[in-house]
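Visitor: Next comes the sequence, and after it the predicted model I'd like to discuss.
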Amino acid sequence: MSKLGIYGENTDVAHIAGSDGWPLVGNTFKYLLNTYGFGKAMRQTYGEVYRSRAFFLRFIVLSSPDGIEYVLRDEAQNFSSKLGWEPFLARLFPNALPTMDFEEHRFHRKIMQSVFRHAAMQSYAGLINDVVIEDVEKWREQGVVKVYPGIKAIMLDIAAKAFLGIDLKKDAEFINQTFITINNGLAPIIPSPLPGTAIWKALRARQTLFDYFRPMIKQRKASDGKDIFTRLCQAKDEEGAEFSEQAILDHLVNVLSAAHDTSTTSLTIAMYYLAKHPEWQERLRAVSNGLPEGAVDYSSLEMLEEHEWVFKEALRIYPPAPQLFRRSINACEFKGYKIPANTQVMVDVGYTHRSAEYWSNPMDFDPERFSADRAEHKRHKYQWAPFGGGAHICIGMQFAMMAAKITLHHLLKRYKFELDCDENVDFTILPITQPKNGLPVRVIPLMLQE
Ligand code: HEM
């Protein structure tokens, strides 16, 4: 019988070359301090598949587009997302999409998908425009803005209007703090909810949100609101199945958590590169100025193609989720490497996004690589995977793209941006990518072009 780790995973992976790191903590600090550098060093030393140990887990890493495809597409149903994410998410989100597998996942995802249908997306576009137009005006008089908290505030207002259908002004600080506390519990140093630990605080914060939203459900079931919460309360699949009250709360809190930091991070990174590359600001601004004043409607979003390249390029260089986890449920084999059953597997999206094997000059900010002419990202279906792939591919991908394009559009129409700090900004990568200095930029107001 194989030896099990503290999360019940198989630890018998010595047949695969790699590094176990220091006693007890393994490579945890190497991942935390130098996520990309360590992933690259491991890949260069051991190749496409290697073993590692960190976050109290023993795991095998697959570090290539083929590896990402093998695990995420998972044609043979060898991998469990539920078990793979268990160490990070099970306590906080035991009944959400990432912690469900196969039939149960399909059932919930189908109901959930109705919340992101075309007609729903059109109404979210309207809500997002309203929020962003109001919020970006607050940057006008500030001179220097710290982009990370600035974008976070906009994303929180979007969450309030488009996700929850409430005016958060009164409760904004409370909700914001509650989310910070929940997300701090996602990559815990101490993996058990002992009083005072990050997980313990996160579980209490989650309960606070449940108590806050639960009394609203009955009214939402009969309301004509256009927000995600209302739609979740009314969502049905084709057979008419709907969510229980607890399932609504579980999905709502998980969706908010999945959306908030990822969107904030990726837009902050896009703003960082735009501030460093005024020529790209000019390019996007010229397109934005060509659109009518006011809200960008859903059908005009396709005009913002170059905004999308910039956002995709930001997601390539700094994917908010650079490492994704699964657990094998069957013994299987990838390119001759045997993966025993019950083994924790990590796919290194972050390495692949920056590898010269798949991208030309990967560390250059070069949004045109996403243009139809160059289409570098299409060399392999899984070389650009910031939203994952397969059955668990991000359900909010289109929503995130839309929110990013609308936000960049309104910001660039109104302002020029220059970095107000050294251009080599230091970023924390795990658990959430963010600039250590908050990313201060000078905001230079422009005349709005009619
Ligand atoms: C730039 C922003 C975002 C990024 C980079 C991102 C990234 C991801 C990734 C990588 C996954 C797959 C995880 C896996 O396979 O294990 C995922 C799943 C998910 N995302 Fe996103 N996400 C973003 C925005 C959003 C938004 C805006 C929403 C909601 C409106 C959302 C909701 C979800 C949900 C519910 C899942 C779980 C899907 C499932 O398991 O079936 N995400 N996201």
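Guide: Nice, thanks for sending it over.
Visitor: From here on, just use CA atoms for contacts and neighbour counts.
Guide: Will do.
Visitor: Run a quick neighbour tally on the residue in the stretch 151-300 of the chain that the ligand sits nearest to.
Guide: Among the residues of the stretch 151-300 of the chain, Ala259 lies closest to the ligand, at 3.6 Å counting by Cα to the nearest ligand atom. Close neighbours of Ala259, defined as other Cα atoms under 10 Å, add up to 20.
Visitor: just to confirm, which helix or strand has it in it?
Guide: If you go by DSSP states H and E, Ala259 is part of helix 245-276.
Visitor: For the stretch 201-350 of the chain, what lies in contact range of the ligand?
Guide: Counting by Cα under 6 Å from any ligand atom, the residues of the stretch 201-350 of the chain close to the ligand are Val255, Ala258, Ala259, Thr262, Ser263, Ser266, Pro320, Ala321, Leu324.
Visitor: Equivalent analysis for the stretch 351-450 of the chain, please.
Guide: Pro386, Phe387, Gly388, His392, Ile393, Cys394, Ile395, Gly396, Met397, Phe399, Ala400.
Visitor: Could you identify the buried members of these?
Guide: Using 16 or more other Cα atoms under 10 Å as the burial test, these include Pro386, Phe387, Gly388, His392, Cys394, Ile395, Gly396, Met397, Phe399, Ala400 as buried.
Visitor: which secondary element of the protein has the worst mean pLDDT?
Guide: The weakest-scoring helix or strand in the chain, judged by mean pLDDT, DSSP states H and E, is helix 172-184 (a mean of 83).
Visitor: for that one, the distance to its chain's centre please.
Guide: 17 Å (Cα atoms, centre = their mean, to the nearest Å).
Visitor: same thing with stretch 266-273?
Guide: On Cα atoms, centre = their mean, the centre of stretch 266-273 falls 14 Å from the chain's centre.
Visitor: Show the residue spans covered by the helices in the stretch 251-400 of the chain.
Guide: 278-289, 305-317, 349-353, 397-414 (DSSP state H, counting those that start in this stretch).
Visitor: Highest mean neighbour count out of the ones you listed?
Guide: helix 349-353 (a mean of 27; mean count of other Cα atoms under 10 Å).
Visitor: middle-most residue in the chain, spatially?
Guide: Thr262 (3.5 Å; Cα atoms, centre = their mean).
Visitor: Wait, that one touches Pro320, no?
Guide: Yes: Thr262 is within contact range of Pro320, at 5.4 Å (criterion: Cα atoms under 8 Å).
Visitor: which residues are in contact with both of the two?
Guide: Ile432 (Cα atoms under 8 Å, 6 or more residues apart in numbering).
Visitor: Out of the residues of the stretch 201-350 of the chain next to the ligand, which is nearest to Asp101?
Guide: Asp101 has its nearest neighbour among those in Leu324, at 15.2 Å by Cα to Cα.
Visitor: Can you mark which positions in whichever strand or helix holds Phe29 are buried?
Guide: Per DSSP H and E, Phe29 falls inside helix 28-33. Under the neighbour-count criterion of 16+ other Cα under 10 Å, helix 28-33 has Thr28, Lys30, Tyr31, Leu32 buried.
Visitor: Can you find the residue of the stretch 51-200 of the chain that comes nearest to the ligand?
Guide: Counting by Cα to the nearest ligand atom, the stretch 51-200 of the chain gets nearest the ligand through Pro98, at 3.5 Å.
Visitor: on that earlier part again, turn the helices of the stretch 251-400 of the chain into TSV, including mean pLDDT and distance to Ser360.
Guide: Output for the helices of the stretch 251-400 of the chain, formatted as TSV (pLDDT from 0 to 100; distance: least, Cα to Cα, whole Å):
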stretch	mean pLDDT	distance to Ser360
helix 278-289	97	19
helix 305-317	98	13
helix 349-353	98	11
helix 397-414	97	24
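Visitor: Among these, which comes closest to Ile180?
Guide: Of all those, helix 397-414 sits nearest to Ile180, with 19.4 Å by Cα to Cα.
Visitor: after the closest one comes which helix or strand?
Guide: Sequence-wise, the next helix or strand downstream of helix 397-414 (DSSP H and E) is strand 415-419.
Visitor: Which strands and helices lie in contact with that following strand?
Guide: If you count contacts as 3 or more Cα pairs under 8 Å, 6 or more residues apart in numbering; DSSP states H and E, strand 415-419 packs onto helix 245-276, helix 278-289, strand 440-445.
Visitor: Next one, pLDDT for Lys169 please.
Guide: Note for Lys169: predicted pLDDT of 68.
Visitor: Can you tell me the element Glu239 falls in?
Guide: Using DSSP H and E, Glu239 maps to neither a helix nor a strand.
Visitor: I'd like to know how far it sits from Ile395.
Guide: 21 Å (Cα to Cα, to the nearest Å).
Visitor: Glu313 against Pro367, yeah?
Guide: Yes: using Cα under 8 Å, Glu313 makes contact with Pro367 at a distance of 5.3 Å.
Visitor: Ala275 contacts Asp420, correct?
Guide: No: at 9.4 Å, Ala275 does not count as touching Asp420 under the criterion of Cα under 8 Å.
Visitor: coming back round to it: write a ChimeraX command that selects only the buried members of the residues of the stretch 201-350 of the chain next to the ligand.
Guide: Of these, the buried ones go into a single ChimeraX selection, burial set by 16+ other Cα under 10 Å:
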select :255,259,262,263,266,320,321,324
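Visitor: Redo the residues of the stretch 201-350 of the chain next to the ligand as a markdown table? Include pLDDT.
Guide: A markdown table is the format used below for these (pLDDT from 0 to 100):
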| residue | pLDDT |
| --- | --- |
| Val255 | 93 |
| Ala258 | 89 |
| Ala259 | 91 |
| Thr262 | 94 |
| Ser263 | 96 |
| Ser266 | 98 |
| Pro320 | 95 |
| Ala321 | 95 |
| Leu324 | 97 |
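Visitor: got the residues of the stretch 201-350 of the chain next to the ligand as a markdown table, with distance to Glu69 columns?
Guide: Formatted as a markdown table, these follow (distance: Cα to Cα, whole Å):
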| residue | distance to Glu69 |
| --- | --- |
| Val255 | 24 |
| Ala258 | 22 |
| Ala259 | 23 |
| Thr262 | 22 |
| Ser263 | 24 |
| Ser266 | 23 |
| Pro320 | 19 |
| Ala321 | 16 |
| Leu324 | 12 |
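Visitor: picking up where we left off before, may I see the buried residues of the following helix or strand past the helix holding Phe29?
Guide: Next helix or strand after helix 28-33 toward the C-terminus (DSSP H and E): helix 35-46. Across helix 35-46, burial judged by 16+ other Cα under 10 Å covers Thr35, Tyr36, Phe38, Gly39, Lys40, Met42, Arg43.
Visitor: Contacts only, for Lys416.
Guide: Contacts of Lys416 were listed using Cα under 8 Å, 6+ apart, and they are Gln281, Val443, Ile444, Pro445, Leu446.
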